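**Q** After the sequence you'll find the predicted model.
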Amino acid sequence: MTINRRQWLKILALSGMPTHMEGCSAQVHNDLLAATESDAMPALDWGDLCRAVAEWGHSPWCFVATGRHRDLSAIVSDCCDAIAQHQRRRSTTTAIVVLRGDSHRLQLQHCAAVSSAIHGALGSRTTNLWFAAAPDPVLVGALRVTVAMDE
């Protein structure tokens, strides 16, 4: 069996991911790691990701919304509603938002819309907010937004 460079880096990244992230779904792990790859826009620094995970403690809060390409506003609305409910309980200090989609349909206006809406939902209470968009060939005609933040 031959392992290409990307697969090898992903295996190393998973082994280096702090163990307290094990409570998150594999999908959240995958999306956070995809945000560090060179084809992400912009690529999230691995050190920044590790610092954010360390700040989150043992149980980060995660939300994933997936929908058809034309339903982006509904996906974003679901994320903003979930963030609003989460923030009633606690002020967020660090958040990472990852937009994934088929590379043919993932466009700059999608990135701007998601980033702007999530930034507005988090408000000034968030100290660190990172946004990245990363292609996912499996999501043909669909988009997925993953939000991870401190509990």
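**A** Perfect, I can see it now.
**Q** Can you pull the phi/psi pair for the residue nearest the centre of the chain?
**A** In the chain, the C-alpha closest to the average C-alpha coordinate belongs to Val98, at a distance of 2.9 Å (CA atoms, centre = their mean). The phi and psi values for Val98, taken as degrees, to the nearest 10, are phi -130, psi 130.
**Q** quick one: low-confidence parts of this structure?
**A** In the prediction, the chain carries residues with pLDDT under 70 at positions 1-23, 89-91, 124-127.
**Q** Okay, strands next: where are they in it?
**A** 61-68, 94-101, 128-135, 142-149 (DSSP state E).
**Q** Identify the bridge partners of the residue nearest to the centre of the chain.
**A** Following DSSP bridges, Val98 is listed with bridge partners Ala132, Thr146.
**Q** okay but it is in contact with Leu33, surely?
**A** No: the criterion here is CB atoms under 8 Å, and Val98 misses it with Leu33 at 9.5 Å. The C-beta positions use only the backbone N, C-alpha and C, and glycine is treated the same way.
**Q** Now do the same contact list for the residue nearest to the centre of the chain.
**A** With contacts defined as CB atoms under 8 Å, 6 or more residues apart in numbering, the neighbours of Val98 are Asp31, Leu32, Ala34, Ala35, Phe131, Ala132, Ala133, Ala134, Val145, Thr146.
**Q** residues touching the residue nearest to the third one when sequence neighbours are not counted, list them.
**A** Once its chain neighbours are removed from consideration, Ala34 has its nearest residue in Ala134; the separation is 3.9 Å (CB to CB, 6 or more residues apart in numbering). Under the criterion of CB under 8 Å, 6+ apart, the neighbours of Ala134 are Asp31, Ala34, Ala35, Glu37, Asp39, Ala40, Met41, Val98, Leu99, Arg100.
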